[in-house]
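Predicted structure and sequence below. I'll ask about it afterward.
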Amino acid sequence: GAMATESPRRPSRCTGGVVVRPQAATEQSYMESVVTFLQDVVPQAYSGTPPEEKEKIVWVRFENADLNDTSRNMEFHEIHSTGNEPPLLLMIGYSDGMQVWSIPISGEAQELFSVRHGPVRAARILPAPQISAQKCDNFAEKRPLLGVCKSIGSSGTSPPYCCVDLYSLRTGEMVKSIQFKTPIYDLHCNKRILVVVLQEKIAAFDSCTFTKKFFLTSCYPCPGPNMNPIALGSRWLAYAENKLIRCHQSRGGACGDNIQSYTATVISAAKTIKTGLTMVGKVVTQLTGTLPSGATEEEILAHSNLRRSPLVPGIVTIIDTDTVAEGQVLVSEDSDSDGIVAHFPAHEKPICCMAFNPSGMLLVTTDTLGHDFHVFQILTHPWSSSQSAVHHLYTLHRGETEAKVQDISFSHDCRWVVVSTLRGTSHVFPINPYGGQPCVRTHMSPRVVNRMSRFQKSAGLEEIEQELTSKQGGRCSPVPGLSSSPSGSPLHGKLNSQDTYNNFTNNNPGNPRLLPLPSLTVVLPLAQIKQPMTLGTITKRTGPYLFGAGCFSIKAPCKSKPAPQISPSKSVGGEFCVAAVFGSSRSWFANNSGLKREKDQSKQFVVESLYIISCYGSLVEHVLEPRPLSTAPKISDDTPLEMVTCPRASWTLVRTPQWNELQPPFNANHPLLLAADAVQYYQYLLAGLVPPGSPGPITRHESYDSLASDHSGQEDEEWLSQVEIVTHTGPHRRLWMGPQFQFKTIHPSGQTTVISSSSSVLQSHGPSDTPQPLLDFDTDDLDLNSLRIQPVRSEPVSMPGSPRPAADRRGVSTVIDATS
């Protein structure tokens with residue numbers, strides 16, 4: 001239909017879908033969107049005009065697929081020079097069908113896919129799989145594939161949500177259907193596997209063939225909204241295990257403040273090992289270092305008997321999906337630890353949500369209370385999970401009220417993590433990938449800084465700190481400012497003195513898996529971004545239009561409520577699905593549509609923008625500006641941070657019943673198809689295979705020979721030596737530049753005059769009238785014993801890059817009295 005020129009919506013030339021231009025947003029317009037929404041929804045209260053009906057959103061999610069895969073999509077490999085930024089990819093699940101949007105760096109949101117085929121519980125755009133000469137992709141011509149779990153699957157007869165259907169977005173046909181006996185909760189995928197999450201079970205399928213690879217049946221039954229939370233990185237899979245198995249337990253884990261409750265957990269875990277009481281005593285002692293004060297073994301036994309269930313909440317297991325054996329994966333006393341990366345207690349309550357950071361080295365976990373979120377660093381050992389170390393780097397403290405977490409998102413540099421709860425609030429926390437207090441030095445620069453500053457490193461402060469913490473067993477050190485806060489963890493007692501001894505006798509303070517463990521830091525959110533429309537009262541009343549339930553907890557509308565208060569925190573019982581993601585700013589377009597985008601526009605910000613999509617279909621870009629704490633007396637490297645946030649642009653992406661569906665088969669220039677082609681081509685090259693349809697029958701082997709024949713071996717040698725030279729960097733500061741050194745001035749025995757800078761003897765002129773050095777150590781016969789050493793202040797040491805003192809430039813060696 002003909003749309004008004006002013007409308008932000010128009011059809012796209014490339015896909016035939018809708019294109020939505022961003023609207024400039026301000027704090028005021030952001031809050032006022034409540035009122036306009038109310039007018040849309042409850043029109044009779046304000047005006048007689050019928051509203052534009054909006055479809056009901058059930059879930060929202062930002063997706064990672066070939067379209068925004070910066071490592072495998074060649075289009076983004078020149079990312080810093082061409083300004084080629086990956087688009088945001090957004091999926092919206094409606095009560096009838098689903099929709100996929102792309103928001104490229106230009107800021108114009110583009111609809112890529114839209115279908116109405118009944119409710120969808122979970123959907124994923126599967127990335128092109130990793131291939132090799134031994135392993136080819138059986139579905140290469142059909143990609144990209146969309147995996148969907150619908151209420152009525154392809155079989156039609158089975159219970160709802162019990163099968164995964166894989167559709168080709170290229171041809172539109174269904175290429176595979178995987179049936180289950182019980183309902184599916186969620187789908188996850190990476191370039192190796194497709195993971196189907198069921199009740200207390202996980203099944204993984206090979207990405208090339210979709211045959212079953214492995215399955216797990218020991219997941220803890222979490223109460224929801226996420227019934228079986230997992231995190232899938234590029235190789236590792238983390239899930240909530242239903243018991244703690246001593247022989248697989250990694251070093252470290254959660255640092256609890258309440259040792260007593262941890263002891264109870266450990267005992268109930270030990271009870272699942274069907275052995276005698278003495279064993280229980282031993283386990284407790286080994287894990288906590290000491291038995292609880294004054295507790296007898298009988299009391300401990302009585303304590304553990306209160307807990308009939310052998311299941312232990314809050315335990316996390318991480319497995320390597322590549323090395324884990326096929327078939328059932330068992331974590332038990334009898335099983336070997338093949339493929340088990342780590343196994344540790346993360347919380348005392350059941351786990352609610354988990355996420356890996358982009359590198360996969362950090363894992364954030366949240367429990368059902370939602371007061372504190374934990375950030376763990378996973379340091380693996382190739383031999384077994386019991387040798388791996390899990391460092392509890394941060395406790396992110398949200399607050400004392402209960403809240404369920406639905407979404408966790410990291411910035412690309414891992415300096416920021418955003419945790420969103422079902423109340424619709426997104427909490428922004430600063431963290432460092434290596435731990436420690438976030439401050440001006442770590443978070444106000446556009447790039448990630450090293451753990452130790454140059455000064456700390458070259459002054460040897462790192463070694464001093466390590467010496468002290470090792471002697472004090474990681475407790476407070478006597479040097480002020482160096483104390484590592486004591487982590488009150490009973491589980492850290494598992495490291496025995498032998499390990500520490502070996503570590504320091506072998507002079508190996510550098511192994512991060514061994515003592516001293518990094519100290520735990522508690523971090524509060526710098527910003528809490530609330531949805532303006534989290535009005536519980538209205539949500540419950542207006543049925544079909546407003547609907548913000550989480551994926552699975554669907555509540556019936558309540559009876560009438562008092563008049564709505566426009567205060568987000570008052571949303572009692574209201575659940576609002578939101579999702580957040582970091583990305584380069586796209587708001588320049590909304591705010592100055594006439595201007596061309598400058599190359600360095602995105603470089604102004606220390607933090608990327610935060611994009612939040614709500615269950616009302618509005619996507620808002622928030623600009624985050626960290627700054628030094630305004631109440632700090634003076635600003636230094638260690639000054640704490642505060643943050644200003646403001647909404648900058650918004651897109652209205654919710655579908656209305658009038659919109660046409662947008663279904664495959666798609667044109668070859670559809671963005672999802674172009675991206676799949678680019679990534680598949682790259683995968684062929686990586687595997688040393690000839691991409692289909694590429695010119696010439698040259699094999700990889702021949703190309704190697706032709707390259708080798710042009711160069712002689714000698715050049716290679718030279719090249720290698722160059723590499724070594726280039727990659728070596730000298731020390732930041734020479735030994736004698738450290739604060740431990742003092743410089744004194746010396747004078748020959750015959751002359752004790754201290755020359756002031758105005759003195760006439762400063763330059764003794766020779767016959768040719770050229771300035772001569774005042775002291776010529778080569779010719780004068782110096783009596784070293786009679787040298788008089790005076791504590792005269794030395795010249796400032798010339799640092800690399802600083803201008804040399806004036807005296808050096810004159811070529812005259814002067815002695816200047818500091819008092820003159």
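Right, received. Where do you want to start? Numbers count the residues shown, from 1 in each chain.

give me every residue that touches the closest residue to residue 221 other than its chain neighbours.
Distances taken as Cβ to Cβ, 6 or more residues apart in numbering put residue 200 closest to residue 221, at 5.4 Å, once the chain neighbours are dropped. For every residue, glycine as well, the C-beta is placed using N, CA and C. If a contact means Cβ atoms under 8 Å, 6 or more residues apart in numbering, then residue 200 has 217, 218, 219, 220, 221, 228, 242 as its contacts.

out of those, which one sits closest to residue 117?
For the contacts of residue 200, the minimum distance to residue 117 (Cβ to Cβ) is 25.3 Å, reached by residue 228.

Let me know the pLDDT of residue 460.
Residue 460 is assigned 73 on the pLDDT scale.

Now do the same contact list for it.
Per Cβ under 8 Å, 6+ apart, neighbours of residue 460: residue 738.

try residue 129
Applying Cβ under 8 Å, 6+ apart to residue 129 gives the contacts 137, 191, 192, 207, 208, 683.

for the closest residue to it other than its chain neighbours, what are its contacts?
Nearest residue to residue 129, sequence neighbours excluded (Cβ to Cβ, 6+ apart): residue 207, at 3.6 Å. Residues in contact with residue 207 (Cβ under 8 Å, 6+ apart) are 126, 127, 129, 130, 137, 189, 190, 191, 192, 193, 194.

now with 7 Å?
By Cβ atoms under 7 Å, 6 or more residues apart in numbering, the residues touching residue 207 are 126, 129, 191, 192, 193, 194.

Of the residues you listed, which belong to strands?
126, 193, 194 (DSSP state E).

beta partners of the nearest residue to the first one once chain neighbours are set aside?
Going back to what we said before, that points to residue 126. The shortest distance from residue 126 to any non-neighbouring residue, by Cβ to Cβ, 6+ apart, is to residue 145 (4.6 Å). Per DSSP bridges, the residues bridged to residue 145 are residue 126, residue 168.

what about residue 145, how many residues close to it?
26 (other Cβ atoms under 10 Å).

Report the rounded mean pLDDT for stretch 151-161.
What stretch 151-161 shows for mean pLDDT is 77.

quick one: residue 514 from residue 664, how far?
Counting by Cβ to Cβ, to the nearest Å, the gap from residue 514 to residue 664 is 54 Å.

And for residue 452?
Residue 452 is 53 Å from residue 664, where distance means Cβ to Cβ.

again, but for residue 394
In terms of Cβ to Cβ, residue 394 sits 44 Å off from residue 664.

Of these two, give the one with the bigger neighbour count.
Taking other Cβ under 10 Å, residue 394 and residue 664 do not tie; residue 394 has more neighbours (27 against 19).

So the more buried one is in contact with residue 523, correct?
Yes. Taking contacts as Cβ atoms under 7 Å, residue 394 lies within contact range of residue 523: 5.4 Å.

list the residues that contact both of those two?
Both residue 394 and residue 523 are contacted by residue 431, under the criterion Cβ under 7 Å, 6+ apart.

Buried ones from the contacts of residue 200, can you make that a PyMOL selection?
In PyMOL, selecting the buried portion of these, with burial taken from 16 or more other Cβ atoms under 10 Å, looks like this:
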select buried, resi 218+219+220+228+242
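
can you redo the contacts of residue 200 as a markdown table with secondary structure and distance to residue 109?
Below are those laid out as a markdown table (DSSP: H, G, I helix; E, B strand; the rest coil; distance: Cβ to Cβ, whole Å):
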| residue | secondary structure | distance to residue 109 |
| --- | --- | --- |
| 217 | coil | 42 |
| 218 | coil | 42 |
| 219 | strand | 37 |
| 220 | coil | 39 |
| 221 | coil | 39 |
| 228 | coil | 32 |
| 242 | coil | 42 |
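
Show me which of the contacts of residue 200 has the smallest pLDDT value.
pLDDT across the contacts of residue 200 is lowest for residue 221, at 90.

just checking, what packs against the helix or strand encompassing residue 148?
Element membership of residue 148, judged by DSSP states H and E, is strand 145-150. Other elements packing on strand 145-150 under the criterion 3 or more Cβ pairs under 7 Å, 6 or more residues apart in numbering; DSSP states H and E are strand 120-126, strand 163-168, strand 184-189.

what about residue 116, how many neighbours?
Neighbours of residue 116 (other Cβ under 10 Å): 16.

wait, what's in contact with it?
96, 97, 661 are the contacts of residue 116 under Cβ under 7 Å, 6+ apart.

any chance of those residues in JSON lines, plus distance to residue 688, pLDDT and neighbour count?
Listed next are the contacts of residue 116 as JSON lines, based on distance: Cβ to Cβ, whole Å; pLDDT from 0 to 100; neighbours: other Cβ atoms under 10 Å:
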{"residue": "96", "distance to residue 688": "46", "pLDDT": "94", "neighbour count": "16"}
{"residue": "97", "distance to residue 688": "42", "pLDDT": "95", "neighbour count": "20"}
{"residue": "661", "distance to residue 688": "41", "pLDDT": "95", "neighbour count": "13"}
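
possible to save the residues you listed as JSON lines with distance to residue 441 and secondary structure?
Output for these, formatted as JSON lines (distance: Cβ to Cβ, whole Å; DSSP: H, G, I helix; E, B strand; the rest coil):
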{"residue": "96", "distance to residue 441": "51", "secondary structure": "coil"}
{"residue": "97", "distance to residue 441": "49", "secondary structure": "coil"}
{"residue": "661", "distance to residue 441": "52", "secondary structure": "coil"}
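
now the residues you listed in TSV, with distance to residue 112?
Below are the contacts of residue 116 laid out as TSV (distance: Cβ to Cβ, whole Å):
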residue	distance to residue 112
96	18
97	14
661	12
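
before we move on, the earlier item: tell me the most packed of the ones in strands among the contacts of residue 207, by neighbour count.
residue 194 (25 neighbours).

And the one helix or strand residue 317 maps to, what does it pack against?
Element membership for residue 317 (DSSP H and E) is strand 315-320. When contacts are defined as 3+ Cβ pairs under 7 Å, 6+ apart, strand 315-320 packs onto strand 236-241, strand 340-345.

Show me what the last one is in contact with.
Residues external to strand 340-345 that are found in contact with it (Cβ under 7 Å, 6+ apart): 236, 241, 244-245, 248-250, 252-254, 265, 314-320, 331, 378, 380, 385, 388, 390, 491.

any idea how far the nearest residue to residue 245 once chain neighbours are set aside is from residue 342?
The shortest distance from residue 245 to any non-neighbouring residue, by Cβ to Cβ, 6+ apart, is to residue 331 (5.6 Å). Plainly put, residue 331 is 11 Å away from residue 342 if you go by Cβ to Cβ.

Which of the contacts of residue 129 fall within helices?
residue 683 (DSSP state H).

List only those of the contacts of residue 129 flagged as buried.
For the contacts of residue 129, buried by 16+ other Cβ under 10 Å: 137, 191, 192, 207, 208, 683.

Could you check which of residue 331 and residue 342 has the larger neighbour count?
When neighbours are counted by other Cβ under 10 Å, residue 331 and residue 342 differ, and residue 342 comes out ahead with 28 against 22.

Which residues are in contact with the residue lying closest to residue 351 once chain neighbours are set aside?
Once flanking residues are discounted, residue 351 sits nearest to residue 240: 4.3 Å by Cβ to Cβ, 6+ apart. Residues counted as contacts of residue 240 (Cβ under 7 Å, 6+ apart) are 219, 220, 222, 229, 315, 316, 351.

The stretch 301-450 of the chain: strands as residue ranges?
Here the stretch 301-450 of the chain has its strands, by DSSP state E, counting those that start in this stretch, at 315-320, 327-328, 340-345, 351-356, 362-367, 372-379, 389-397, 405-410, 416-421, 426-430.

What strands line up against the fifth one, and which way round?
Translated: strand 362-367. In the sheet, strand 362-367 lines up with strand 351-356 (antiparallel), strand 372-379 (antiparallel) (DSSP bridges).

tell me which residues in the last one are buried?
To tie it back to what came earlier, the one meant is strand 372-379. For strand 372-379, the neighbour count (16+ other Cβ under 10 Å) marks 372, 373, 374, 375, 376, 377, 378, 379 as buried.
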